[in-house]
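Enquirer: fold the following for me, if possible:
(one chain, ligands or ions: 1)
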Amino acid sequence: MNSKSANGKRRRCDSRRLRRVNNLDEARWKAVEVRDGRTTGVFVYAVRTTGVYCRPGCSSRRPLRRNVQFFATPADAEGACYRACRRCSPQELRVTDPTAVAVISVCRRFEHPGSEQSVRALAAELGYSERHLRRRFSEIVGVPIGSYQRALQADRMRAALQSGMTVSDAIYEAGYGSSRAFYEHGAMRLGMAPGRYRAGGRGERISYTSIVTPIGLVVAASSERGVCSVNVGFDEAALTSRLAAEFPNAIIERDDDGLSDVASVLAGAVRGEKDPTILPLDLEGTAFQTRVWEALRSIPAGRTRSYSEVAAQIGAPGAVRAVGSACAANPAALAVPCHRVVRQDGSLGGYRWGIATKRALLEAEATHTAPQ
Ligand SMILES: [Zn+2]
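Expert: This next block holds a predicted model:
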């Protein structure tokens, strides 16, 4: 009797913990960080700096978050030219726990568009109740089935749009079922208006520059109207190819002189000495994202807001998660200061360019802001 109720209690705590992590990559990173063996077989992670991919429980040195790329399967990682780690041999994986095998088969099923089967039907096929399958999926993968499907759909949508498909074809191809479903769940994840994403910046002239700073390389790009992309990382080739991927049809040229003002503002901002929000922007996002990004630009340097405070500020107090997604989709580090948004309990929350970078930026801003 007693042990039963203790079990029930633990289960409730677990599901609360799981609900808080609603982003697939964040959940995957968490599994890598704690070397969670339970997620073995669900995905692999690859490290850009070493060219090696591992299973999540690998005992090798933990990589930096910003150097990590996630793949569903070893074949996907090898397709992206990574080689298997000798220590954990992720390609030779045999999962024996039947529940884990079932959950992994659900993951693999969702990775193929067109095979959208209802969770109930899948569960029946695998011999589980729908409720049980959903619960074990969340426990093992770290996000609910619905979040997993949406993350995969957003990836497919992005790939379809970039291949030149029309928005309506891409919505179908990605498996949204209807354009309404896409605009409710997917558009936000793209971080850019779908029309422009498809055009990939066609005919636009985008210039960029890179700046060496204490937090790494900052690659900033600007259209004729304003700053359209700012990324932080360590590998200049990776950063510029990310820019090219964001605007595949634009004419992208390096222009250090033309962007020297932008560079000086960003370099000063990294040191906490300049306010990066003075930069003119040319970002396209959904109406909701734009509201969030505008709200972020009103947070003074040296201050932070919680995700729920931002949600309240834009008049959508129930949309705390969506505010988090809009922050994660921010295309312009620093200039849209999503690093100034933290969790309610004061912990840092996520950051697209790595938690260490977020912490460094907040510390620099706190140091240079006179106490008020
Ligand atoms: Zn390994």
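
Enquirer: now what about stretch 69-82, what contacts it?
Expert: Contact partners of stretch 69-82, identified using Cβ atoms under 8 Å, 6 or more residues apart in numbering, comprise 25, 28, 43-48, 51-53, 84, 90-91, 93, 107-108, 111. To be clear about C-beta, it is placed using only N, CA and C from the backbone, and glycine gets the same treatment.

Enquirer: then stretch 335-355?
Expert: For stretch 335-355, contacts defined as Cβ under 8 Å, 6+ apart pick out 23, 26, 64-66, 227, 230-233, 266, 276-277, 279, 281, 283, 293, 296-297, 299, 301, 303-308, 310, 323-324, 327-328, 330, 333, 357-359, 361-362, 365.

Enquirer: could you redo the last one with a cut-off of 6 Å?
Expert: 26, 65-66, 227, 230, 232, 276, 279, 293, 296, 299, 304-307, 310, 327-328, 330, 333, 358, 361 (Cβ atoms under 6 Å, 6 or more residues apart in numbering).

Enquirer: what about the contacts of stretch 69-82, which are in strands?
Expert: 44, 45, 46, 47, 52, 53, 84 (DSSP state E).

Enquirer: would you convert those into JSON lines that also reports distance to residue 346, neighbour count and pLDDT?
Expert: Below are these laid out as JSON lines (distance: Cβ to Cβ, whole Å; neighbours: other Cβ atoms under 10 Å; pLDDT from 0 to 100):
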{"residue": "44", "distance to residue 346": "33", "neighbour count": "31", "pLDDT": "94"}
{"residue": "45", "distance to residue 346": "28", "neighbour count": "26", "pLDDT": "95"}
{"residue": "46", "distance to residue 346": "33", "neighbour count": "26", "pLDDT": "94"}
{"residue": "47", "distance to residue 346": "31", "neighbour count": "20", "pLDDT": "93"}
{"residue": "52", "distance to residue 346": "36", "neighbour count": "21", "pLDDT": "95"}
{"residue": "53", "distance to residue 346": "35", "neighbour count": "26", "pLDDT": "95"}
{"residue": "84", "distance to residue 346": "40", "neighbour count": "19", "pLDDT": "95"}
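
Enquirer: need those in JSON lines (columns: distance to the ion).
Expert: Output for the ones in strands among the contacts of stretch 69-82, formatted as JSON lines (distance: Cβ to the ion, whole Å):
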{"residue": "44", "distance to the ion": "9"}
{"residue": "45", "distance to the ion": "9"}
{"residue": "46", "distance to the ion": "10"}
{"residue": "47", "distance to the ion": "9"}
{"residue": "52", "distance to the ion": "7"}
{"residue": "53", "distance to the ion": "8"}
{"residue": "84", "distance to the ion": "8"}
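
Enquirer: which one of those residues is nearest to residue 204?
Expert: Distances from residue 204 to the ones in strands among the contacts of stretch 69-82, taken as Cβ to Cβ, are shortest for residue 46 (31.6 Å).

Enquirer: show me where pLDDT drops low in this protein?
Expert: 1-23, 113-116, 158-159, 161-168, 179-203, 225, 369-372 (pLDDT under 70).

Enquirer: residues of it that sit close to the ion?
Expert: Contacts of the chain with the ion, taken as Cβ under 5 Å from the ion, map to 54, 58, 60, 85, 87, 88.

Enquirer: and stretch 314-333, C-alpha only, in CSV?
Expert: Output of stretch 314-333 as CSV, limited to C-alpha atoms (Å, rounded to 0.1, in the frame of the first residue of the first chain):
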residue,chain,number,x,y,z
ILE,A,314,2.8,41.5,-24.8
GLY,A,315,-0.7,40.9,-23.5
ALA,A,316,-0.6,37.1,-23.8
PRO,A,317,0.0,35.9,-20.2
GLY,A,318,-0.9,32.3,-21.0
ALA,A,319,1.7,32.1,-23.8
VAL,A,320,4.8,31.5,-21.7
ARG,A,321,6.0,28.5,-23.7
ALA,A,322,5.4,30.4,-27.0
VAL,A,323,7.5,33.2,-25.6
GLY,A,324,10.3,30.7,-25.0
SER,A,325,10.0,29.4,-28.6
ALA,A,326,10.1,32.9,-30.0
CYS,A,327,13.3,33.5,-28.0
ALA,A,328,14.8,30.3,-29.3
ALA,A,329,13.9,31.3,-32.8
ASN,A,330,15.6,34.7,-32.5
PRO,A,331,17.8,35.2,-35.6
ALA,A,332,19.8,38.1,-34.2
ALA,A,333,21.8,37.4,-31.0
